[in-house]
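Asker: Got a predicted model here, sequence first, then my questions.
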Amino acid sequence: MPKASAAPTPPSEPSSYEAALEELEQLIARIESGQLPLDQMLSGYQRAATLLAYCRQQLDAVQNQIQLLDDGALQVWSQE
């Protein structure tokens, strides 16, 4: 009796912004190398889009927290 193939498990959510950014950079390098088969390139592109959305969400959350700390107004940042 043939075994039923298991559905592929979706990639896990990154543990942090930095982990997502690192994975995204690696994916981009592999995609840009032109050495991936088409199906892997497509799945890599899909994962990269997911990681990009995660990074943007994390950056938006930090920006919102900063606005709260600054009483709702974004301040110009200087290195002084």
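Answerer: That came in fine, so what should we check first?

Asker: just checking, next helix/strand downstream of the helix or strand containing Glu23?
Answerer: Assigned by DSSP states H and E, Glu23 belongs to helix 17-33. Using DSSP H and E, the next helix or strand after helix 17-33 towards the C-terminus is helix 38-69.

Asker: same for that next one, what does it pack against?
Answerer: Applying 3 or more Cβ pairs under 8 Å, 6 or more residues apart in numbering; DSSP states H and E, one finds that helix 38-69 makes contact with helix 17-33. No exception for glycine: its C-beta is placed from N, CA and C like everyone else's.

Asker: which residue is nearest the centroid of this protein?
Answerer: What sits nearest the mean C-alpha location of the chain, by Cα atoms, centre = their mean, is Leu51, with 1.7 Å.

Asker: what pLDDT does it get?
Answerer: Leu51 carries a pLDDT value of 96.

Asker: was I right about it contacting Glu23?
Answerer: Yes: assessed by Cβ atoms under 8 Å, Leu51 is found in contact with Glu23 at 5.8 Å.
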